[in-house]
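Chemist: let's see this in three dimensions:
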Amino acid sequence: MGSQDLISKRIKEIRHQRGLSQAQLAHPELSDSYISLIESGSRMPTPAVLELLASKLGCSVSYLVNGVTAEELEELELNLRYARMALENGEAKEARRRFTELLNDPNVGQVAGFQEEVEYGLALATEACGDLSEAIPILVRLRDDHYESLSDERRVGSALALTRCYRNSGDTGQAISVAEQEMARMISGGWTDSLVELGATLLSCYIAQGDLLRAQHYASELLAAAEALGTPRAVVAANWEAAIAADVAGRSDEALPLVERAWAVQSENGEPRNLARLRFEYAYIRLRNRPEEAADCRDLLLRAQRELQESSASTLDLAYCLYLLARAEINLNHAEQAIDYCRKSIALNQNMSPELRAETQVVLGQAHLILGQIDEASAEINSAMEVLMEEPSTRMTAEIWLTAAAVLEGAGDQERSTLAYMRAMECGGL
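Modeler: The predicted structure is shown next:
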């Protein structure tokens, strides 16, 4: 039943409840034939007529339009605002609880567009809690059931969130499929900030898949689109992900200026969560290309960690930041601190992507080797290798295999070290 039919139905029901005829309701401002047309659904009352009828029927305009009273609508809007605030303040569990309560409120479905907003918020809160396997079906259901009624911004936003969840859960192929389909639907209207952000997430999936040639071409397209738009959101998203693509491809001379530009713009215009994520990405690129700056990188990462804890960051973001802190401590030869960060990273997010788990275990193996704990180092590397065996062959997994091989060699396990070196060459296409 459409909104016009529902309004007509409510007017008729309340008129009957009040014991009024159509003529009595109409008099003196309207004609009874006009009331008849409204109640039959043949005529949509204007806002002024709705106010008049609400006054005569002793109800609110909100009730005629949404089926809820003004007080009930105000309470719904207040609860939605509190749920969003909790998410923005990094209180993911509290936000998830509030969004769940809202979704179970029978009045939510009465207000146009309200249920979609609540479902979207619940998906983001669930993702922020690290429960990707639960966030994904919420987003899929939202897009299947409400796609046509969503705004363009929400369509792209839900696609971005779903792409991100699939990518972070290790399903890169499905992530690419979602993003490419949404880009194809929306690009005819021209580039927007949200489309550039979705494109940047798609670029990250190409990188994760190891398709560096495609990533390079797409990065150039995104940078051009961002420059044409000239907006902070677009510039940050395009430069950020293009920097990662350049870094993975070994072009550090391009990567550092790109990420520095993104960081400068984000520092002036961005929200805390993305600023923190960009800060640790900048620290990571510096750490990879300027290992002698490990102490400065660690300080950047510690600040990013604090910012993530105070924002709506997911547990996966926090886990990744802790992993990077462990890498910085390894560069500084602080093995015990590295072990502590690795263990916190693994414990924080049990649903982390297999690749990140393997990377963290390899760094843990490195730390144990520095301390002379050979058995512990070998155990961590062997566990990481079991995970890596199930992962696709990409340049990124090649790097993990190479580090694992070096640790095993240092631990005196030449046989498994050789196996890891061979696997690294296979992943690298050699």
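
Chemist: residue 64 - how many residues pack around it?
Modeler: Per other C-beta atoms under 10 Å, the neighbour tally for residue 64 reads 20. C-betas here are computed from N, CA, C, even on glycine.

Chemist: check contacts around it.
Modeler: Taking C-beta atoms under 8 Å, 6 or more residues apart in numbering as the contact definition, residue 64 lies against 7, 10-11, 14, 50, 53-54, 57.

Chemist: now with 6 Å, please.
Modeler: Contacts were defined as C-beta atoms under 6 Å, 6 or more residues apart in numbering; by that measure residue 64 touches 7, 10, 50, 54.

Chemist: helix/strand/coil for it?
Modeler: Three states are possible here, and by DSSP: H, G, I helix; E, B strand; the rest coil the one that applies to residue 64 is helix.

Chemist: and it, how far is that from residue 11?
Modeler: As defined by C-beta to C-beta, to the nearest Å, residue 64 lies at a distance of 6 Å from residue 11.

Chemist: the domain parsing of the protein - what is it?
Modeler: The record assigns the chain these domain ranges, following automatic domain parsing: 3-67, 70-150, 172-269, 271-277+292-350, 353-430.

Chemist: show me where the stretch 201-350 of the chain has helices.
Modeler: Secondary structure of the stretch 201-350 of the chain (DSSP state H, counting those that start in this stretch): helices located at 212-229, 232-248, 252-269, 272-289, 294-309, 315-331, 335-348.

Chemist: picking that back up, could I get the domains of the chain in JSON lines, plus columns for distance to residue 162 and mean pLDDT?
Modeler: Written out in JSON lines, the entries for these read as follows (distance: least, C-beta to C-beta, whole Å; pLDDT from 0 to 100):
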{"stretch": "domain 3-67", "distance to residue 162": "28", "mean pLDDT": "85"}
{"stretch": "domain 70-150", "distance to residue 162": "4", "mean pLDDT": "90"}
{"stretch": "domain 172-269", "distance to residue 162": "5", "mean pLDDT": "92"}
{"stretch": "domain 271-277+292-350", "distance to residue 162": "14", "mean pLDDT": "89"}
{"stretch": "domain 353-430", "distance to residue 162": "15", "mean pLDDT": "89"}
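
Chemist: using JSON lines, please lay out these together with distance to residue 285.
Modeler: What follows is the domains of the chain, written out as JSON lines (distance: least, C-beta to C-beta, whole Å):
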{"stretch": "domain 3-67", "distance to residue 285": "50"}
{"stretch": "domain 70-150", "distance to residue 285": "25"}
{"stretch": "domain 172-269", "distance to residue 285": "5"}
{"stretch": "domain 271-277+292-350", "distance to residue 285": "9"}
{"stretch": "domain 353-430", "distance to residue 285": "14"}
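
Chemist: could you find the closest non-adjacent residue to residue 73?
Modeler: Of all residues not flanking residue 73 in the chain, residue 62 sits nearest, at 4.8 Å (C-beta to C-beta, 6 or more residues apart in numbering).

Chemist: burial measure for the one you found, as a count.
Modeler: By the measure other C-beta under 10 Å, the count of residues near residue 62 is 18.

Chemist: again with residue 346
Modeler: Neighbour count for residue 346, taken as other C-beta under 10 Å: 18.

Chemist: contacting residues for it?
Modeler: The neighbourhood of residue 346, defined by C-beta under 6 Å, 6+ apart, consists of residue 360.

Chemist: before we move on, what about residue 119?
Modeler: Taking C-beta under 6 Å, 6+ apart, we find residue 119 in contact with residue 142.

Chemist: for residue 412, grab phi and psi.
Modeler: With angles defined as degrees, to the nearest 10, residue 412 shows backbone torsions of phi 90, psi 10.

Chemist: please tell me how far it sits from residue 375.
Modeler: Relative to residue 375, residue 412 is positioned 11 Å away (criterion: C-beta to C-beta).

Chemist: re the thing from before, check whether the residue nearest to residue 73 really touches residue 72, as I assumed.
Modeler: No: with contact defined as C-beta atoms under 6 Å, residue 62 does not count as touching residue 72 (8.0 Å).

Chemist: correct me, but residue 103 touches residue 118?
Modeler: Yes: between residue 103 and residue 118 there is a contact under C-beta under 6 Å: 5.2 Å.

Chemist: for these two, indicate the residue with more neighbours.
Modeler: The neighbour comparison of residue 103 against residue 118 (other C-beta under 10 Å) goes to residue 118, with 26 against 15.

Chemist: give the contact list for that one.
Modeler: 99, 102-103, 108.

Chemist: same question, residue 266
Modeler: Contacts for residue 266 were tallied using C-beta under 6 Å, 6+ apart; they are 236, 275, 278.
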